[in-house]
Structure formats: structure tokens, C-alpha cells
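Trainee: need the 3D shape of this:
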Amino acid sequence: MIGDIHGCYDEFEYLLSQVNFDSTKDSVISVGDLIDRGKDSLSCIKLLDKPWFYMVLGNHEQVILDWYQSHDQITQETYTRKLLHNGSSWFLALSIKQQKNIYNKLSSLPKVIFINNNNGLHCIIHAEILPEINDINIFLNNIALLEDKSTLKACLEGRRRFRAKYYPIITGIDYLLCGHTPCFSFQSKNANTINLDFGAGSYRKGATLGMIDLASHSIVLQPIYNSC
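Mentor: Here you go, the predicted model:
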């Protein structure tokens, strides 16, 4: 599993080489935020065409969906500002055909992925589960209700648990894996939540790209990081 890539395609390829990735038998699952900030979002988008690459929807992808679905000028201008803030100028520079193609790829992404292996049941989302909810089944029921915007917002961009340092056990699963909020490797696990966003694409000191092997739960970080 890979943390927030944020357009850092070369760094992603380097990490795969470090773990001897074999596309004929291995898979990569991304916690979302595949794009923006780094130098090569387009190459990262093309990963969605690979049969071995899977990901959940991140908030950066969601803003592109919101922009594309905007039907009036004021709303689209609002989301254009969000795209520029996120580092999505690369997307705005594309042709209408290219934008539609990317929209189609992103609109099919799930918000939740489950992986069950010898280490237990892993639930993968982008950001967090609402602090008021510590049961995965309640979370899933709320996600299924389209009118429950607070659960969806937390899933894609929440940081309330992080800010409150509130990490009780999430029941109904063995591990919750997420990204969205940059951390260092020694801060990445709290109770049964594992955060895989190590700041890729930012200029923050110590920022890097990291992944976790779900078989061993070992975390691999890019050893020398130059901001992508």
C-alpha cells in the first residue's frame, strides 16, 4: 500500500524498485491524493489504467469531480480556485477531451477498499472516520446514505482526530489505513489506525513518500527525498 503520491511519479517508481515489485503477482493500493503538487500528475493518472493499481478517492480527486460537475459559472469559479490552491493547474491546462477522460477515471473510484489477509481485515480510506463513530459498520452505513455529508467529508478530508489526538480502536476491523494528514514514520500508527501520508510533494522538512507491506506491516520510505 502506498501513501499520498501527489504527482511524485519518479519517487513512486523508485519505491517499487526498492521492494522488488512484480506486476505479474503484486498489487499496489493507494490511499488517494494521487495528483497535484509534484511534477508528474499525468503519469500518476495513467497508473489507473494498470491492472495491478487500485486506489480510493482522495480530496484532491474529489475537487476535480466537483469542478467538472459544476453547471454554473459561480460554482465553477469556486472550484477553479480550489484546484489552483491544490496545485491542479496541470489539469486546467488540459484539453476538454483530456479533462473528460480523467473525470471518467476518477468518478469510478471507490471511497472504501477492504483487504483481508493473514494480518487481519484492513479498511482503506483517504482521511478519517468521524470521531463520533468508532464502529466500521456504522461508518459504512452512513457512507451509503448520500445525504450524510459529514461522514463523507470526514472520509475525504477530515482531520479532527489528528487535531484532538483522539485515536481509540475502530471496531469491526483489525486496521484502518489512511493518508491525507502528513506525519513522520514514528507517528504513523495510533491504536489500529495507520497513516501513510509522509508529505510527498511538499517542501516540508522530512517530507517523503512511503508504503507499507500488508503482509509484514513493514513501512518503506524513500531514503533520500528531493521535493518533487
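
Trainee: just the CA trace of stretch 49-58, in PDB.
Mentor: Written as PDB, here are the backbone C-alpha positions of stretch 49-58 (Å, rounded to 0.1, in the frame of the first residue of the first chain):
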ATOM      1  CA  ASP A  49      -5.000   2.000 -16.300                       C
ATOM      2  CA  LYS A  50      -2.700  -0.500 -14.700                       C
ATOM      3  CA  PRO A  51      -4.400  -3.800 -13.700                       C
ATOM      4  CA  TRP A  52      -2.300  -4.000 -10.600                       C
ATOM      5  CA  PHE A  53      -3.000  -0.500  -9.300                       C
ATOM      6  CA  TYR A  54      -6.000   0.300  -7.100                       C
ATOM      7  CA  MET A  55      -6.900   3.400  -5.100                       C
ATOM      8  CA  VAL A  56      -9.600   5.100  -3.000                       C
ATOM      9  CA  LEU A  57     -10.900   8.600  -3.800                       C
ATOM     10  CA  GLY A  58      -8.900  11.400  -2.200                       C
END
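
Trainee: find the centremost residue of the protein, please.
Mentor: In the chain, the residue lying closest to the centroid (C-alpha atoms, centre = their mean) is residue 32, at 1.9 Å.

Trainee: grab the nearest non-local neighbour of that residue.
Mentor: Closest residue to residue 32 apart from its sequence neighbours, by C-beta to C-beta, 6 or more residues apart in numbering: residue 58 at 2.6 Å. The way it works is simple: take the backbone N, C-alpha and C, and place the C-beta from them, glycine included.

Trainee: repeat for residue 11
Mentor: Here the residue nearest residue 11, using C-beta to C-beta, 6+ apart, is residue 209, at 4.6 Å.

Trainee: for that neighbour, the count of nearby residues, please.
Mentor: By the measure other C-beta atoms under 10 Å, the count of residues near residue 209 is 27.

Trainee: do you know how far it is from residue 121?
Mentor: For residue 209, the distance to residue 121 (C-beta to C-beta, to the nearest Å) stands at 26 Å.

Trainee: with residue 2 instead?
Mentor: Using C-beta to C-beta, residue 2 is found at 20 Å from residue 121.
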